[in-house]
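>>> dropping the sequence and predicted coords here.
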Amino acid sequence: MAAPNNLAEAFALRAGLHPEKPAVFWGEHEHSYGALHADALRLAASLKSEFGIQPGDRVGLWLKNCPEFVPALFAIFQAGAVAVPINNFLKPAEILHILADAGINVILTDAELGAHAAELTAARPSLRLWHVEQFAALREASAAPAPQSSNPVTREDLAVIIYTSGTTGHPKGAMLTHGNLLHNVESCRIVLSAVDHDRFAVLLPMFHSFMLTVGILLPLTVGGSMVVIRSLHPPKNIIQEIYHRQATILPAVPSFFRTLAAAHAHLPPHWPLRLCISGGAALPAEILREFNRTMPARLIEGYGLSEASPVVSMNPIDGSGKEGSIGKPVVDVEISVQDDQGNFLPHGVTGEICVRGGNVMRGYWNQPAATAAALRGEWLLTGDVGHFDPDGYFFITDRKKDMLIVNGINVYPREIEEVLYHIPGVKEAAVIGVPDARRGEHPVAFVAANDGVQLDERQILHLIKEKLADYKLPKKIHFIAALPRNATGKVLKTVLRQQNAAIV
């Protein structure tokens, strides 16, 4: 089989080989490759004829997990446009920044989310929404158009812009090409030994870069299937769905594997999972040990970031990896540890984790300065600090960037702090990350009030909730007289962490 030039071709190849094979399982419903590909072709034609979408235009993808996410995504690729997945937990003000920054005038969404879009269209009158419920009407109106005999999109063309939280309070759009994503999919296929009879359980948000590559693009370009979990609560629903649809691979965040290990005694016989992949946050050693001691499926830890499409490293699936390690680089990807001057450091010496390979982003959309700061030649500077051992296993010990990870999603304190500073009566504010057994980490805020002002925690949280996604809300706000600072005026967050620990 010839290597595809782009992601639309990769999906079309599989749909042509096995059109009747289920590509997506959704509850009791099955969606075949042929049907989803036909929907993608119809929508691609509509995007061009009715919405005027041209190659390179950015199209928003604002959907909760659903089967329609797949044809909507591949329709954008088929039209030669760039998909911009939008976090459906964001509030309108956060979404508007992404729409303005990426120049998005068309969003593919559903009726439920679209019903809340009045604030978006009021601020951006040119914005047009297309609801995935309209797929039925498209099917009735026409047969699927024939795909282009030669799709002009190449591996060098942009495929996706993934917005990641930024230290300035605004997210940055990581530009990923078709080649970046196809490269990462192929690396993952090899290290996971993924084949066409594998079924990937999808329970994390499909807008997340981890799910986009490992949960969607990987199974659908190797000819496998996606088992999209309809309901995550209670956890037994997930177990039932995995068993009912015989899912074999489960990518998820550490907190879920703790839950699954606790339920090991209630698993049905002949448990189908062969492999579980933990990503999105550091995997605590006790969860890894407990899971692999009690569960029939192997759990391994990996590492990645949106700017690297996103998978960078994994522990071997044969169980020979090392506890606490992010593993070794995936196929055709290099990792090095460098100092601030770009010198390569030997094993055992701590420095910044840097990545090189065909999976590394082109840069940040409309952000040349941020791009220059993130890329040193061919090397992506991850902002994570760590080392490697004599066996070539890498370990992350800290984060150079002032970031915390909540349920696998990056949260930068500066973004929360800027909202706090806009609240009347707040003199200064600082946010730290605190370990959370369930969510990985959660934000905690320290606030100092102006003289003579009495601040109320509940009122502040209410005001923050209007501006930020719920997962970014501080779990606790501590009121103090003044933030601790060093001689140069920098806030001493190490002192704040000590104060928080003492309070707790």
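Cool, got the structure. Residues are numbered from 1 along each chain as shown.

>>> how far does stretch 336-348 sit from the chain's center?
28 Å (CA atoms, centre = their mean, to the nearest Å).

>>> try stretch 402-410
Worked out by CA atoms, centre = their mean, stretch 402-410 lies 11 Å from the chain centre.

>>> let me know the pLDDT of the residue lying farthest from the centre of the chain.
Most distant residue from the mean C-alpha position of the chain: residue 452, 43.5 Å away (CA atoms, centre = their mean). For residue 452, the model assigns a pLDDT of 92.

>>> which element is it on?
Residue 452 belongs to no helix or strand when assigned by DSSP states H and E.

>>> ok, residue 410 next?
With DSSP H and E as the test, residue 410 turns up in strand 409-411.

>>> list the buried ones in whichever helix or strand comes after that strand?
As assigned by DSSP H and E, the chain's next helix or strand after strand 409-411 is helix 413-421. Residues 413-420 are the ones in helix 413-421 that count as buried (16 or more other CB atoms under 10 Å). C-beta here means a position set from N, CA and C on the backbone, and glycine is covered the same way.

>>> which non-adjacent residue is nearest residue 243?
Nearest residue to residue 243 in three dimensions, chain neighbours excluded: residue 268, at 5.1 Å (CB to CB, 6 or more residues apart in numbering).

>>> by pLDDT, rank the buried residues of helix 413-421 and give me the bottom one.
Of all the buried residues of helix 413-421, residue 414 carries the smallest pLDDT score, 81.

>>> could you report the neighbour count for residue 398?
Look at residue 398: counted by other CB atoms under 10 Å, it has 9 neighbours.

>>> other SSEs contacting the helix or strand hosting it?
Residue 398 belongs to strand 394-399 when assigned by DSSP H and E. Contacts defined by 3 or more CB pairs under 8 Å, 6 or more residues apart in numbering; DSSP states H and E place strand 394-399 against strand 379-388.

>>> neighbouring strands - and their directions - for the strand it packs on?
strand 351-357 (antiparallel), strand 375-376 (antiparallel), strand 394-399 (antiparallel) (DSSP bridges).

>>> out of the ones you listed, which is closest to residue 274?
Of all the strands paired with strand 379-388, it is strand 394-399 that lies closest to residue 274, at 24.8 Å by CB to CB.

>>> partner strands of the following helix or strand past that closest one, with direction?
For strand 394-399, the following helix or strand on the C-terminal side (DSSP H and E) is strand 404-406. Strand 404-406 has the following strand partners under DSSP bridges: strand 409-411 (antiparallel).

>>> bridging residues for residue 327?
Bridge pairing for residue 327 - DSSP bridges - gives residue 394.

>>> need the pLDDT of it.
Looking at residue 327, its pLDDT is 98.

>>> wait, what's in contact with it?
300-303, 313-316, 321, 393-394 (CB atoms under 8 Å, 6 or more residues apart in numbering).

>>> ok, now residue 173?
Residue 173 neighbours (CB under 8 Å, 6+ apart): 84, 98, 101-102, 161-164, 364-367.

>>> just the buried residues from the residues you listed, in PyMOL please.
Of the contacts of residue 173, the buried ones go into a single PyMOL selection, burial set by 16+ other CB under 10 Å:
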select buried, resi 84+98+101+102+161+162+163+164+364+365+367
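
>>> burial check on the nearest residue to residue 68 once chain neighbours are set aside, number of neighbours?
Leaving aside its chain neighbours, residue 68 sits nearest to residue 132 (3.8 Å; criterion: CB to CB, 6+ apart). Burial of residue 132 is recorded as 21 neighbouring residues (other CB under 10 Å).

>>> for residue 132, grab phi and psi.
Residue 132 adopts backbone torsions of phi -70, psi -20, taken as degrees, to the nearest 10.

>>> per-residue confidence for it?
Reading off the model, residue 132 has pLDDT 98.

>>> for it, give its distance to residue 312.
32 Å (CB to CB, to the nearest Å).

>>> and the angle from the helix or strand harbouring residue 336 to strand 394-399?
Secondary structure assignment for residue 336, by DSSP H and E: strand 333-338. For strand 333-338 against strand 394-399, the angle by axes from the mean of the first three to the mean of the last three CA atoms, to 10 degrees is 50 degrees.

>>> where does the stretch 351-500 of the chain have low pLDDT?
401, 486-489 (pLDDT under 70).

>>> how near is residue 347 to residue 383?
Counting by CB to CB, the gap from residue 347 to residue 383 is 21 Å.

>>> more crowded one of these two?
In terms of neighbours (other CB under 10 Å), residue 383 is the more surrounded of residue 347 and residue 383; the figures are 18 against 13.

>>> which residues touch the residue nearest to residue 474 when sequence neighbours are not counted?
Of all residues not flanking residue 474 in the chain, residue 445 sits nearest, at 4.0 Å (CB to CB, 6+ apart). Taking CB under 8 Å, 6+ apart, we find residue 445 in contact with 416-417, 420, 429-431, 474, 476-478.

>>> those residues: which two are farthest apart?
Pairwise over the contacts of residue 445, using CB to CB, the maximum falls at 417 and 476, 15.1 Å.
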